[in-house]
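Colleague: Here is my input; please provide its structure:
(2 chains)
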Amino acid sequence: MALQMFVTFSPWNCLLLLVALECSEASSDLNESANSTAQYAPNAWFAAASSEPDERISVFELDYDYVQIPYEVTLWILLASLAKIGFHLYRRLPGLMPESCLLILVGALVGAIIFGTDHKSPPVMDSSIYFLYLLPPIVLEGGYFMPTRPFFENIGSILWWAVLGALINALGIGLSLYFICQVKAFGLGDVNLLQNLLFGSLISAVDPVAVLAVFEEARVNEQLYMIIFGEALLNDGITVVLYNMLIAFTKMHKFEDIEPVDILAGCARFIIVGLGGISFGIVFGFISAFITRFTQNISAIEPLIVFMFSYLSYLAAETLYLSGILAITACAVTMKKYVEENVSQTSYTTIKYFMKMLSSVSETLIFIFMGVSTVGKNHEWNWAFICFTLAFCQIWRAISVFALFYISNQFRTLPFSIKDQCIIFYSGVRGAGSFSLAFLLPLSLFPRKKMFVTATLVVIYFTAFIQGITIGPLVRYLDVKKTNKKESINEELHIRLMDHLKAGIEDVCGHWSHYQVRDKFKKFDHKYLRKILIRKNLPKSSIVSLYKKLEMKQAIEMVETGILSSTAFSIPHQAQRIQGIKRLSPEDVESIRDILTSNMYQVRQRTLSYNKYNLKPQTSEKQAKEILIRRQNTLRESMRKGHSLPWGKPAGTKNIRYLSFPYGNPQSAGRDTRAAEFSEDDSSDPGSPSIMFSALSLIGSLQKQEAQEIIPMKSLHRGRKAFNSGYQRNTRQEEYLGGVRRVALRPKPLFHAVDEEGESGGESEGKASLVEVQSRWTTDRGHGRDHNRSHSPLLQKK
Amino acid sequence: MGSRASTLLRDEELEEIKKETGFSHSQITRLYSRFTSLDKGENGTLSREDFQRIPELAINPLGDQIINAFFPEGEDQVNFRGFMRTLAHFRPIEDNEKSKDVNGPEPLNSRSNKLVEESRQLEPTGTSMSAHCCIER
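Modeller: Numbering: from 1, shown residues only, chains lettered A, B, ... in the order given. The predicted model follows:
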């Protein structure tokens, strides 16, 4: 804990340092602007604060104007990144408040500094920059990381809720505010209907993705998650369309000119804009997927293709006044499946990380700009307008949620409960989207723009902070209340059993409702689309390619984490003690409980772990790994019976390692990123043909001899690698796995090394599966010892 | 979505299943479409391979036992009735059912039947205290 405090201090120190630096820059800038001209080349030769004539060659010069804009933008981004680092160092903080709160605070801080030093901030945000550069990365990232299957399962409800909800909110808020404006007492008489409607449309743009991170702490069910996610995704598009339409209306100066024909035309335009955007996106998605089919030899440009085509879809749609946001979303969704299979591993990682980075940068800039505008003189405070805006936002959201879901529940097999609806209502947090739209209101059409901006800022601050912070406890409160009584370990075991059973039955029932449609699409996809869009030389069976990929990743992971964990070894003994001993001391009970909770085979998580600011390993990949491991193990068992390999392990050690680590395992994120980069190394080593070979040996049926020959080769080879990487990871692992027994990594001849590690490999096998332990008890009594040698040498970290 | 499913599931059969298991009309239809999508051989019954094709069951430590629960003693195929009957054990108990007459045959998902089901399934793992635990919960 003290360590954490100390570490957080240093980022804040750096923060202060940077702030001080910026202040000094700002003050020097004042001097600069006083006595320097604005030309570029001569500037370089002017001295900073001295007033020497320019005959002397100055030794030290300072030119700030030249670099001002990029310099300050970079400083802002760095500042926000440091703040994020500090934010995440406090483990509890991300669960308490959404990260957007932090960004808003940083923005306000920067704004205060700029205001305080009377510095002219660079023009980062104007209409074209926002719509052309800042918005597309955010939307692209949202579309790319969207979990497609749950989205399309719930697409009906999502569309219904997002489209109609946005419309109802916008119109409702606009109309109610218009009636408020009619009241003479508030001094708002000059705000006409159109302006109110426009304000209503921009204020109804919610940014609930900000709160999704908070949902992770509490286990929100998948449907709820998808609804909120889908709403966030489609919301931007709808709001911007409405906004543009209403601006066009406003430009038609006179209110009386607007006839019913125009309103109908507006609705038709709405539909065309939406559908047109989506079709553009799909077309561009297919084109880019097709092109990635041929980029084998120049894999460095693969990320470029992906990004450029997505951006192109956005721009092309915008040219025709179609919805660029929907276009880019559709492009990302379409492209993702095929591109992921075509591109190389490194390009895939690059794309993911670059996307996250771009969107993070854009969002930071928007928030900082929001902060800058907060602290300033461009405000007009009107009590009535602001309070009523806040009130109407909540009221209309509640009305739309409850009304729309009441209707859609009639058609759903799994209706949304009242609790779910309350959560949806409460997650209506406004974010940077509304602010941007408010900021970009043309002043000519909106003489009272400042008031709108102020009201928007108030709503954003209120919802982001108050709702953002309290939604976590609210979700936990509304969830099934778990009793706090300390359960006996026996009960815990059985509860786990029940959970597994329940999850299994749920899987049998399936959670899809439109099988026929999905099956048809899959068939179509396989017959036509994949032939055109996927590279030719990929193995026909996706399971083999998946196997290859996962093998590489997995071996590295096991090496990193497996070597140093000693807890797995003690489990069998502990567990046996449970049966024999009547009463355990409380300390023992605690330690057993800790071991069990950290090592038990995790129930399959139904909740998606999407986090906007991190890349977490995909659950489907993990599950696929598990499947492959299990199949391998059963195959090995059947191959292994009767054979005794030189490095057979004594019975009683645990060899199988399941990857469903407990949720929140701090290593997982780091591991997977490293696994990605390590897989590069592996792919270059000569052992990879043998992976393919052994893959075939499992899936086809080669002779056992051959397989055994290859396996030793592979395992020895891996052994060497394991040592190198394991050694590096030593110190890091220690922090996480307390009480670890260090394996002496002496450079021994390979064979012996394998052997020695084979023994300690038992305990170093990472986390053990408790159920496996249970089944071993029974098999110990029932069958022979052979079962326990269910070794997977290919997966062994030697 | 519904056309192929509903022609193969006759109404009277649906009514029978409804009475026996207590599922609602829409639930039975949906489970039937799930049944047909699992049934790759399209012969109206499910075999163990069909269940094993579900990827999530493969990684569930109780997966094999769950699959076994669907197949009655010694058989290798399960038809839709059997499928529903097994699933009915796991239907959540609703409060309004408790008030129904207690003289009728106990609904399949009553607690005692659930306990029986649980112990039957968990027997291979040798945990005989699962029933006890059920009551505690």
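
Colleague: which strands and helices sit next to the helix or strand A:Leu326 falls within?
Modeller: Assessed by DSSP states H and E, A:Leu326 sits inside helix A:324-342. Here helix A:324-342 is seen to pack against helix A:135-144, helix A:148-153, helix A:222-251, helix A:260-291, helix A:302-319, helix A:530-533 when contacts are counted using 3 or more C-beta pairs under 8 Å, 6 or more residues apart in numbering or on different chains; DSSP states H and E. Where C-beta positions appear, they are placed from N, C-alpha and C, glycine not excepted.

Colleague: Mind doing that once more with 6 Å?
Modeller: Applying 3 or more C-beta pairs under 6 Å, 6 or more residues apart in numbering or on different chains; DSSP states H and E, we find helix A:324-342 packed against helix A:135-144, helix A:222-251, helix A:260-291, helix A:302-319.

Colleague: So which of those is the most surrounded?
Modeller: helix A:135-144 (a mean of 24; mean count of other C-beta atoms under 10 Å in any protein chain shown).

Colleague: Now do the contacts for A:Asn196.
Modeller: Shown in contact with A:Asn196 (C-beta atoms under 6 Å, 6 or more residues apart in numbering or on different chains): A:Gly174, A:Leu177, A:Tyr178.

Colleague: Dump the residues you listed into JSON lines; add distance to chain B as well.
Modeller: Listed next are those as JSON lines, based on distance: C-beta to the nearest C-beta, whole Å:
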{"residue": "A:Gly174", "distance to chain B": "38"}
{"residue": "A:Leu177", "distance to chain B": "42"}
{"residue": "A:Tyr178", "distance to chain B": "43"}
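
Colleague: With mean pLDDT as extra columns, can I get the helices and strands packed on helix A:324-342 in TSV?
Modeller: Output for those, formatted as TSV (pLDDT from 0 to 100):
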stretch	mean pLDDT
helix A:135-144	85
helix A:222-251	78
helix A:260-291	85
helix A:302-319	91
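
Colleague: which one of the ones you listed lies closest to B:Gly74?
Modeller: Counting by C-beta to C-beta, B:Gly74 lies closest to helix A:222-251 out of the helices and strands packed on helix A:324-342; the figure is 37.7 Å.

Colleague: how about CSV for the helices and strands packed on helix A:324-342, with distance to A:Glu99 added?
Modeller: Compiled in CSV, these are given as follows (distance: least, C-beta to C-beta, whole Å):
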stretch, distance to A:Glu99
helix A:135-144, 14
helix A:222-251, 15
helix A:260-291, 28
helix A:302-319, 24
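
Colleague: Nearest to chain B, out of the ones you listed?
Modeller: Across those, chain B has its closest neighbour in helix A:222-251 (13.2 Å, C-beta to the nearest C-beta).

Colleague: I'd like the contacts of A:Asn196 as JSON lines, with neighbour count, distance to A:Phe402 and pLDDT appended.
Modeller: Listed next are the contacts of A:Asn196 as JSON lines, based on neighbours: other C-beta atoms under 10 Å in any protein chain shown; distance: C-beta to C-beta, whole Å; pLDDT from 0 to 100:
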{"residue": "A:Gly174", "neighbour count": "25", "distance to A:Phe402": "20", "pLDDT": "89"}
{"residue": "A:Leu177", "neighbour count": "25", "distance to A:Phe402": "21", "pLDDT": "87"}
{"residue": "A:Tyr178", "neighbour count": "19", "distance to A:Phe402": "24", "pLDDT": "87"}
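
Colleague: Could you tell me which of the residues you listed are located in helices?
Modeller: Filtering those for membership in helices, criterion DSSP state H, returns A:Gly174, A:Leu177, A:Tyr178.

Colleague: Among the residues you listed, which one sits closest to A:Gly237?
Modeller: A:Gly174 (18.9 Å).

Colleague: List the contacts of the closest one.
Modeller: Taking C-beta under 6 Å, 6+ apart, we find A:Gly174 in contact with A:Asn196, A:Leu197, A:Gly200.

Colleague: Okay, and which of these map to helices?
Modeller: Of these, the ones assigned to helices by DSSP H are A:Asn196, A:Leu197, A:Gly200.

Colleague: out of everything not next to it in sequence, what's closest to the first one?
Modeller: Read that as A:Asn196. In this structure, A:Asn196 finds its nearest non-sequential neighbour in A:Tyr178, 4.2 Å apart by C-beta to C-beta, 6 or more residues apart in numbering or on different chains.

Colleague: returning to that earlier point: specify which member of the contacts of A:Gly174 is nearest to chain B.
Modeller: Nearest to chain B among the contacts of A:Gly174, with distances taken as C-beta to the nearest C-beta, is A:Gly200, at 37.3 Å.

Colleague: That closest one reaches A:Ile168, doesn't it?
Modeller: No. Counting by C-beta atoms under 6 Å, A:Gly200 stays clear of A:Ile168, with 10.3 Å between them.

Colleague: The two: which is more packed in?
Modeller: Neighbours were counted for A:Gly200 and for A:Ile168 using other C-beta atoms under 10 Å in any protein chain shown; A:Gly200 has more, 25 against 18.

Colleague: Pull the contacting residues for that one.
Modeller: Here A:Gly200 is in contact with A:Ala170, A:Ile173, A:Gly174 (C-beta under 6 Å, 6+ apart).

Colleague: just the helices in the stretch 51-200 of chain A please.
Modeller: A:68-89, A:93-96, A:99-116, A:127-129, A:135-144, A:148-153, A:155-159, A:165-182, A:193-203 (DSSP state H, counting those that start in this stretch).

Colleague: can you give me the helices in chain B?
Modeller: B:3-8, B:11-21, B:25-38, B:48-52, B:55-58, B:63-70, B:80-88, B:111-122, B:130-136.

Colleague: Which one of these has the poorest average confidence?
Modeller: For the helices of chain B, the weakest mean pLDDT is recorded on helix B:130-136, namely a mean of 39.

Colleague: What residue spans form the domains of chain A?
Modeller: A:127-358+A:385-478, A:494-509+A:516-536 (the TED database).

Colleague: mean pLDDT lowest for which of those domains?
Modeller: Minimum mean pLDDT among the domains of chain A: domain A:494-509+A:516-536, a mean of 74.

Colleague: What residues of it count as buried?
Modeller: A:494, A:496-498, A:500-501, A:503-505, A:507-509, A:518, A:529-530, A:533-534 (16 or more other C-beta atoms under 10 Å in any protein chain shown).

Colleague: Same check on stretch A:375-387?
Modeller: In stretch A:375-387, counting by 16+ other C-beta under 10 Å, buried: A:Val375, A:Asn382, A:Phe385, A:Ile386.
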